[in-house]
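Peer 1: When you get a sec, could you give me coordinates for this:
(2 chains)
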Number of protein chains: 2
Amino acid sequence: MRAGAPFKIAIFADLHFGENAWTDWGPRQDVNSVKVMNTVLDDENPDFVIYLGDVITANNILIANASLYWDQAISPTKSRGIPWASVFGNHDDALFEWPMEWFSAPGIPRLICPEANSTHSGAEACSFRGTHRLELMKHEIDHNALSFSKNGPKELWPSVSNYVLQVSSSDGPKSPVVYLYFLDSGGGSYPEVISTAQADWFRHKSDQINPDLRVPELIFWHIPSRAYKKVAPRFGIHRPCVGLINKEGVAAQKAELGIMKLLTKRPSVKAIFVGHNHGLDWCCPNEKLWLCFARHTGYGGYGDWARGARILEITQKPFSVKSWIRMEDNVVHSRVVLSP
Amino acid sequence: MRAGAPFKIAIFADLHFGENAWTDWGPRQDVNSVKVMNTVLDDENPDFVIYLGDVITANNILIANASLYWDQAISPTKSRGIPWASVFGNHDDALFEWPMEWFSAPGIPRLICPEANSTHSGAEACSFRGTHRLELMKHEIDHNALSFSKNGPKELWPSVSNYVLQVSSSDGPKSPVVYLYFLDSGGGSYPEVISTAQADWFRHKSDQINPDLRVPELIFWHIPSRAYKKVAPRFGIHRPCVGLINKEGVAAQKAELGIMKLLTKRPSVKAIFVGHNHGLDWCCPNEKLWLCFARHTGYGGYGDWARGARILEITQKPFSVKSWIRMEDNVVHSRVVLSP
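Peer 2: Numbers count the residues shown, from 1 in each chain, chains lettered A, B, ... in the order given. From the prediction side, this is the model:
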C-alpha cells in the first residue's frame, strides 16, 4: 500500500462465468458481469481485487480448458493493471452436467468446441470433464504477472488455493500491515470442507510469521463455515449485524474440522469473508471476529438480487478495516467498521 | 459359431474392479472376482464373453488411467483366448469421490499413484478425474485383438459403446444366425438414459441389416429400462418369471425415450439383458420379449449375494436361445428357454 493512503480491496464473488454457452442468455450474463466489475472498479479504483470463488460454472462448461472463461472473468481487473488474488469455489472445477433434455428428441445442440488437440475432433474436442484446480491455477499464474494467486502446499491437495499474502506499506516494506489468508473450502471435485490439514497449515504458518499476534489478519474463502449459521440474523438484518439482504439460509460447509476454533481464539484475526450464498450480504460478529458475506457480483449463478461487490478499506495508522458494498447502479450501502 | 455346435456366451456383470485400492479389502475383492470368472470360464468353456458394464468402479479409482483395472477385469477371458465385447455401466467413468473422512485428522492415506507424466508428481500424478469412456474403449480396442468392442457412432456421444455384432456359422459366414446389439445406457458422467438418438440409430441399423426381421436379435445394456419395473415379480419369483433372487427394487433408467417401443414392436428381438441391480437375477417376459437380469459376477459393488454369471446358449437349426446361471460354487440354476 502507498504510504499514508488507505489500501482498498474489491471482492468479486460468484461471477459464474461460462453458463449455458449454447444459449443466448449464458454469454449475455457474462457480458453483464463484466459491466458490474467495470462499474465497481471505476467507482472505487481499488488497489487490489479478490476473486472469492465460483469464478466459473464448470458444470456448464463443455470445452477442454475452462481457463478461457476464467480469463474473461479476470480481464476487467487485468486491463486496468490492478493486481489480484483468487480462491476456489465449489463450481470452479465441477464436472460438466449433461442436461437431461439433450437426450430426448431435440438432441444435443450444435456445440462449437475449441479444438483441444488437432488429432481429436467432435466428441473428443468437447471435453467430458472439468478442468481441475491445479490446471486452472497454473494457467492463471503462468499468464498473469499481476496475479498473486498461489497453488499452495502440495500436502494440502486436493485443496489448492491455500496461501497468505503480506500487505506492506511503501515506507516500510518489511513491516507487514495486514496478512490476507486464502483457503480453499472445497466442493466440486471433493467435499465442501476446510480440512484438518488446512487448519494445521494455518496454525503453523500464522505462528511462524506472526507469533506475537501483532499484525492483524483477514481471512478469505468461498463456502461459509458452520459458525455462520449460528450468527445468522432471523427476519431481516438487525444490529449488531450489518447488511441489506438476508434472503436464504446459510449453505454451510459439510463439517467443521478445526479452522474456526483456531481463528476464533486468535485475536489478530479480524474478519472472515465468504461468498457462495447469493442471497446474503451481511456481516455479523461472532464474539470479536466478524463473519461477513461478500455480495453476489456476477450475473451467472442463481438469484436475481441486484449485483454488487463488497469493498474493504484498510488504514495503517491507526489500523482499521472498514467495509461497504458498492452496487452496479453506483449506490453504496451497508457501511461497517470491522476493526478496531 | 462352429457349424453344428451351439454358441455359448458368458455374461460378466458388475465386476466393479478397483474399489478402495488403499485398503486390504479392495484388492482382495478383485482377486475374488477373477476367481469367479475363472470358475465360470472353466465350467462353461464359452465361445464369447460379454462384459455388461460396471467393469470398474471409477469413483474409487484415483489413478490417471483406470484402464489398469479394466485390463485386470478382462484378463481371465483374454488369457484363455476367448473373444469378448464390452458395454459401459454407470460406474465405468464416474468421477472419483473423495471420502469425507480423508479431510479430518487422520488425513489422506498414503497413496501410491503411478506417474502419469514424469514432469508431474504428487497431487498431479494422482488424477482428480475419471478416465472417460472414449479413453477406456480406445485402450481396450487398441491393446486387444480379441476385443469386439466398438466406440460406436460419434453422433451418439457422450454414449459410447453402441454397436452391433453379427454371429455367423462357420459353414455360412455370410448368413447371420443372430445379431447382438450393445447400447450404452449412460450414467457416470451423464444421465442414465438411452437417448432418442440411440433409438433412432437402432431403428436405422436394424432396418438396414435385417429388414425382413428374419434374423433374431438379442440386446445388451447395463441399466434396466423402466419396463423392467412393470414386469418385476412381487414377493419371490413366480412363473412366467425365472430366477433365484429378487431382493430389491428395480433401479431403472431415468427416462424412457423410445428404445423400448421399438424393441417391443419388433418380433425379431428376443431378449434384453441388463446388470446394475446386484440383488436381481430374474428373467420375465414382457409380451413376447424377455427382460432379463444378468447375475452379479464381481466381488466389487454392493451386496453379498453369491456370485455367478448368466450363460446364453444359442443354437442355429432350429434357432433357440437357452439361458441359465452358473454360480462360483459350480451350481447351475434358473434354466429358461428364451426363444423360440
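Peer 1: C-alpha from now on. contacts and neighbour counts both.
Peer 2: Noted.
Peer 1: what's the distance between the nearest residue to residue A:7 once chain neighbours are set aside and residue A:271?
Peer 2: Leaving aside its sequence neighbours, residue A:7 sits nearest to residue A:314 (CA to CA, 6 or more residues apart in numbering or on different chains; 5.0 Å). Noted for residue A:314: a distance of 12 Å to residue A:271, by CA to CA, to the nearest Å.
Peer 1: Over to residue A:231?
Peer 2: The value you get for residue A:231 to residue A:271, if CA to CA is used, is 14 Å.
Peer 1: go on, residue A:277?
Peer 2: When residue A:277 is compared with residue A:271 (using CA to CA), they lie 17 Å apart.
Peer 1: Show me which residues of the stretch 101-250 of chain A sit near chain B.
Peer 2: For the stretch 101-250 of chain A, the residues in contact with chain B (CA under 8 Å from any CA of the partner chain) are A:103-105, A:107, A:122-124, A:128-129, A:132, A:134, A:154, A:157-158, A:189-191, A:193-197.
Peer 1: Using neighbour counts, trim these to the buried set.
Peer 2: Using 16 or more other CA atoms under 10 Å in any protein chain shown as the burial test, those include A:103-104, A:123-124, A:128-129, A:132, A:134, A:157-158, A:189-191, A:193-197 as buried.
Peer 1: pLDDT below threshold where in chain A?
Peer 2: A:112-128 (pLDDT under 70).
Peer 1: Can you give me the buried ones in the longest strand along it?
Peer 2: Taking DSSP state E as the criterion, chain A has its longest strand at strand A:172-182. For strand A:172-182, a neighbour-count test (16+ other CA under 10 Å) marks A:176, A:177, A:178, A:179, A:181, A:182 as buried.
Peer 1: Looking at these, spot the one nearest residue A:162.
Peer 2: Nearest to residue A:162 among the buried residues of strand A:172-182: residue A:182, at 5.3 Å, using CA to CA.
Peer 1: give me the element residue A:260 is part of.
Peer 2: helix A:259-264 (DSSP states H and E).
Peer 1: Please name every helix or strand in contact with that helix.
Peer 2: Helix A:259-264 sits against helix A:196-209, with contacts defined as 3 or more CA pairs under 8 Å, 6 or more residues apart in numbering or on different chains; DSSP states H and E.
Peer 1: Can I get the helix it packs on in CSV? Just the C-alpha atoms.
Peer 2: Extracted in CSV, the C-alpha atoms of helix A:196-209 (Å, rounded to 0.1, in the frame of the first residue of the first chain):
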residue,chain,number,x,y,z
THR,A,196,-7.8,-30.6,9.5
ALA,A,197,-4.6,-30.4,7.4
GLN,A,198,-5.5,-26.9,6.2
ALA,A,199,-6.2,-25.9,9.8
ASP,A,200,-2.8,-27.2,10.8
TRP,A,201,-1.2,-25.4,8.0
PHE,A,202,-2.8,-22.1,9.1
ARG,A,203,-1.7,-22.7,12.7
HIS,A,204,1.9,-23.3,11.7
LYS,A,205,2.1,-20.5,9.2
SER,A,206,0.5,-17.9,11.4
ASP,A,207,2.6,-18.9,14.4
GLN,A,208,5.7,-18.6,12.2
ILE,A,209,5.1,-15.3,10.6
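Peer 1: what's next to the helix or strand following it, contact-wise?
Peer 2: For helix A:196-209, the succeeding helix or strand toward the C-terminus, using DSSP H and E, is strand A:217-220. Here strand A:217-220 makes contact (CA atoms under 8 Å, 6 or more residues apart in numbering or on different chains) with A:52, A:87, A:178-183, A:268-274.
Peer 1: Kindly recompute the last result at 7 Å.
Peer 2: A:178-183, A:268-274 (CA atoms under 7 Å, 6 or more residues apart in numbering or on different chains).
Peer 1: Keeping just the C-alphas, turn the next helix or strand along the chain from that strand into PDB.
Peer 2: Next along the chain after strand A:217-220, taking DSSP H and E as the criterion, comes helix A:227-231. The C-alpha coordinates for helix A:227-231 follow below in PDB (Å, rounded to 0.1, in the frame of the first residue of the first chain):
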ATOM      1  CA  ALA A 227     -20.400 -20.800  12.500                       C
ATOM      2  CA  TYR A 228     -22.200 -18.600  10.100                       C
ATOM      3  CA  LYS A 229     -25.400 -20.500  10.800                       C
ATOM      4  CA  LYS A 230     -25.200 -19.600  14.500                       C
ATOM      5  CA  VAL A 231     -24.800 -15.800  13.900                       C
END
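Peer 1: Taking the centroid of chain A, which residue is nearest it?
Peer 2: residue A:52 (0.5 Å; CA atoms, centre = their mean).
Peer 1: was I right about that residue contacting residue A:10?
Peer 2: No. Using CA atoms under 7 Å, residue A:52 is not in contact with residue A:10; the gap is 10.1 Å.
Peer 1: Output the buried residues of strand A:172-182 in a markdown table; the columns should cover distance to residue B:328.
Peer 2: Output for the buried residues of strand A:172-182, formatted as a markdown table (distance: CA to CA, whole Å):
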| residue | distance to residue B:328 |
| --- | --- |
| A:176 | 69 |
| A:177 | 70 |
| A:178 | 67 |
| A:179 | 63 |
| A:181 | 57 |
| A:182 | 54 |
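Peer 1: which non-adjacent residue is nearest whatever residue of the stretch 151-300 of chain A ends up closest to chain B?
Peer 2: Chain B sits closest to residue A:195 of the stretch 151-300 of chain A, with a gap of 4.6 Å, by CA to the nearest CA. Of all residues not flanking residue A:195 in the chain, residue B:103 sits nearest, at 4.6 Å (CA to CA, 6+ apart).
Peer 1: Quick check: the one you found touching residue A:198?
Peer 2: No. Using CA under 7 Å as the test, residue B:103 is too far from residue A:198 to be in contact (8.9 Å).
Peer 1: which residues does residue A:176 bridge with?
Peer 2: residue A:168 (DSSP bridges).
Peer 1: so what's it up against?
Peer 2: A:166, A:167, A:168, A:215.
Peer 1: For residue A:5, which non-adjacent residue is closest in space?
Peer 2: Closest to residue A:5 by CA to CA, 6+ apart is residue A:315, at 7.1 Å.
Peer 1: now do residue A:316
Peer 2: With CA to CA, 6+ apart, the residue lying closest to residue A:316 is residue A:177, at 6.3 Å.
Peer 1: now residue A:14
Peer 2: Spatially, and ignoring its direct neighbours in sequence, residue A:14 is nearest to residue A:54 (4.7 Å; CA to CA, 6+ apart).
Peer 1: OK, contacts around the one you found?
Peer 2: A:14, A:15, A:16, A:88, A:89, A:90, A:91, A:92.
Peer 1: residues contacting the second one?
Peer 2: If I follow you right, that is residue A:15. Residues in contact with residue A:15 (CA under 7 Å, 6+ apart) are A:33, A:54, A:55, A:56, A:297, A:298, A:299, A:300.
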